[in-house]
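Peer 1: Can you look at this prediction? I've put the sequence above it.
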Protein chains: 2
Amino acid sequence: MKIAVCTFDGFNEIDSFVAAYILNRVHSDGWKAEITAPSQTVTSMNGVVMSAQKPLEFVSEADAVIIGSGRLTQQVARDESIMSRIRVDPERQLIASQCSGALILAGLGLVEGMPICTDLKTRPMIEADGVRVLDTPFHAEGNIASAGGCLAGQYLATWIIWRSLGREAAVDALSYVVPVGQQDEYISRALETVSPFISSAREEKAAAFQYR
Amino acid sequence: MKIAVCTFDGFNEIDSFVAAYILNRVHSDGWKAEITAPSQTVTSMNGVVMSAQKPLEFVSEADAVIIGSGRLTQQVARDESIMSRIRVDPERQLIASQCSGALILAGLGLVEGMPICTDLKTRPMIEADGVRVLDTPFHAEGNIASAGGCLAGQYLATWIIWRSLGREAAVDALSYVVPVGQQDEYISRALETVSPFISSAREEKAAAFQYR
């Protein structure tokens, strides 16, 4: 399971790393989430310089794609030199956006006829494009998901793990990252937030995979 | 307000960035949290290479210090060449550890006679040093705090902001990062978790500062 966490200049650190870290808690053969960027290094909105683990072309090889958020996402979504490098296949891949990453999801034509979740600052920008925004932290239809509010990155990770390896694998990954002594409330809320978007047929299919 | 987020090779990305990002949501003159490391670059436990924003010597200048977590923290706590560069002043600074960062807090002699919070993997290591570990996500005594479970980083940030600028500033910073539609439960839980460790005298002093 190759997972691309697309991260651009001006990125929000929580928005890339909460999901990426939780995904990397999964100990299943070949399962790895990697920071995927248009350039060799990217600089966060708070001045943190980070090396890309994969180039943007890795998106086309990935089994799941998360589109991170940041201060410059609207410019990225309008920059054909970057957007043309993001090759997605919504038939085969799970594709999810975090906060302003929804602008790129929309730019890729992936949210037609679908409401999305995003943060409060991005909301008016994406509504201006005619996309309906929900007052909830997570929404998914088919293979496309979106999350709003930095810490909702945990729901993107939960969705990807649950869809791919089943509910117990998601609980396992979450159990290490949630605050000590608040495990039950955190994990219950994550499962309640994501479960309406997991069909029982899909869950059975995922559970049929060997979870190592 | 200068804040050092000490980050070492093998670091856990959530453990450095959840607190750092929330702290950087504060828009108060000169308020800045920066990744502080013993070398020019540090590599995370998942292979992410990041540049330090400040050298470890910045700790002595900082008003608040967070000690991050990672796979190699026990080695760091035993490495005199690194530990001797971490100069703290618990009379003047707020000093907090995240997960295995508690090993360094203990190595600096800052938790004597005090129980601490940490993650489940670090717990036996720090108990072997004779330190009592709580089943809670956050604990503070005086100027020293500790948190356990990656996402408890939000409580470290809440404590530092509340102690420095008051409760409303902490609510402001949290309100942007919490999941959309779950703001009330997230912010209430953060305040409930941290408030037993804020004395009313301190809160009044903090509120007396101009919050810009």
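Peer 2: Great, that's in hand.
Peer 1: gap between the residue of chain A positioned farthest from its centre and chain B?
Peer 2: Within chain A, the residue lying farthest from the chain centre (C-alpha atoms, centre = their mean) is residue A:181, at 26.6 Å. Using C-beta to the nearest C-beta, to the nearest Å, we find residue A:181 at a distance of 4 Å from chain B. Bear in mind the C-beta positions are built from the backbone N, C-alpha and C, glycine included.
Peer 1: which residues touch that residue?
Peer 2: B:134, B:135, B:136, B:137, B:148, B:149 (C-beta atoms under 8 Å, 6 or more residues apart in numbering or on different chains).
Peer 1: what do you get if the cut-off is 7 Å, keeping everything else the same?
Peer 2: Going by C-beta atoms under 7 Å, 6 or more residues apart in numbering or on different chains, residue A:181 touches B:135, B:136, B:137.
Peer 1: how about the helices in chain A?
Peer 2: With DSSP state H, the ranges of helices along chain A come out as A:13-23, A:73-78, A:80-83, A:101-107, A:123-127, A:153-165, A:167-177, A:183-194, A:200-208.
Peer 1: Mean neighbour count, mean pLDDT and distance to chain B for the ones you listed - can I get that in CSV?
Peer 2: CSV is the format used below for the helices of chain A (neighbours: other C-beta atoms under 10 Å in any protein chain shown; pLDDT from 0 to 100; distance: least, C-beta to the nearest C-beta, whole Å):
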stretch, mean neighbour count, mean pLDDT, distance to chain B
helix A:13-23, 29, 96, 4
helix A:73-78, 19, 97, 15
helix A:80-83, 12, 98, 21
helix A:101-107, 26, 97, 12
helix A:123-127, 17, 96, 9
helix A:153-165, 28, 97, 7
helix A:167-177, 19, 96, 4
helix A:183-194, 17, 98, 7
helix A:200-208, 12, 56, 23
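Peer 1: right, so of these, which gets closest to residue B:8?
Peer 2: helix A:13-23 (16.0 Å; C-beta to C-beta).
Peer 1: got the angle between that closest one and helix B:13-23?
Peer 2: Interaxial angle, helix A:13-23 versus helix B:13-23 (axes from the mean of the first three to the mean of the last three C-alpha atoms, to 10 degrees): 160 degrees.
Peer 1: What is helix A:13-23 packed up against?
Peer 2: When contacts are defined as 3 or more C-beta pairs under 7 Å, 6 or more residues apart in numbering or on different chains; DSSP states H and E, helix A:13-23 sits against strand A:2-6, strand A:32-37, helix A:153-165, helix A:167-177, helix B:13-23.
Peer 1: Columns distance to residue B:35 on top of these, output as a markdown table?
Peer 2: Formatted as a markdown table, those follow (distance: least, C-beta to C-beta, whole Å):
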| stretch | distance to residue B:35 |
| --- | --- |
| strand A:2-6 | 19 |
| strand A:32-37 | 15 |
| helix A:153-165 | 19 |
| helix A:167-177 | 20 |
| helix B:13-23 | 6 |
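Peer 1: For residue B:86, which of the ones you listed is the nearest?
Peer 2: Among these, helix B:13-23 sits nearest to residue B:86 (C-beta to C-beta), with 15.4 Å.
Peer 1: contacts for the closest one?
Peer 2: A:12-14, A:17-18, A:20-21, A:46, A:177, B:3, B:5, B:7, B:33, B:35, B:44, B:46, B:48, B:66, B:68-69, B:98-99, B:150-151, B:153-154, B:156-157, B:160-161, B:173-174, B:177.
Peer 1: out of the helices and strands packed on helix A:13-23, which comes closest to residue B:120?
Peer 2: The nearest among these, by C-beta to C-beta, is helix A:167-177 at 7.5 Å.
Peer 1: For the closest one, which helices and strands make contact with it?
Peer 2: Judged by 3+ C-beta pairs under 7 Å, 6+ apart, the packing partners of helix A:167-177 are helix A:13-23, helix A:153-165, helix A:183-194.
Peer 1: before we move on, back to that, so which of the helices and strands packed on helix A:13-23 gets nearest residue B:111?
Peer 2: helix B:13-23 (17.9 Å).
Peer 1: just the CA coordinates of the closest one, formatted as CSV?
Peer 2: The C-alpha trace of helix B:13-23 is given here as CSV (Å, rounded to 0.1, in the frame of the first residue of the first chain):
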residue,chain,number,x,y,z
GLU,B,13,6.3,14.1,13.6
ILE,B,14,3.0,14.5,15.4
ASP,B,15,4.8,15.0,18.7
SER,B,16,6.7,18.0,17.5
PHE,B,17,4.2,19.5,15.1
VAL,B,18,0.8,19.4,16.9
ALA,B,19,2.1,21.6,19.7
ALA,B,20,4.4,23.8,17.5
TYR,B,21,1.6,24.5,15.0
ILE,B,22,-1.0,25.4,17.6
LEU,B,23,1.5,27.6,19.4
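Peer 1: ok and it relative to helix A:153-165, angle-wise?
Peer 2: Using the same axes, to 10 degrees: helix B:13-23 against helix A:153-165 is 150 degrees.
Peer 1: re earlier: quick one: closest of the helices and strands packed on helix A:13-23 to residue B:191.
Peer 2: Minimum separation from residue B:191 across the helices and strands packed on helix A:13-23 (C-beta to C-beta) falls at helix B:13-23, 13.6 Å.
Peer 1: Now the phi/psi pair for the residue farthest from the centre of chain A, please.
Peer 2: phi 80, psi -10 (degrees, to the nearest 10).
Peer 1: can you tell me which residues contact residue A:57?
Peer 2: When contacts are counted by C-beta under 7 Å, 6+ apart, residue A:57 touches residue A:85.
Peer 1: got the contact list for the nearest residue to residue A:3 once chain neighbours are set aside?
Peer 2: Excluding the flanking residues, the one nearest residue A:3 by C-beta to C-beta, 6 or more residues apart in numbering or on different chains is residue A:33, at 3.9 Å. Contact analysis of residue A:33 by C-beta under 7 Å, 6+ apart lists A:3, A:5, A:20, A:23, A:24.
Peer 1: buried stuff in stretch A:47-66?
Peer 2: Buried positions in stretch A:47-66, judged by neighbour count with 16 or more other C-beta atoms under 10 Å in any protein chain shown: A:48-54, A:56, A:58-59, A:62, A:64-66.
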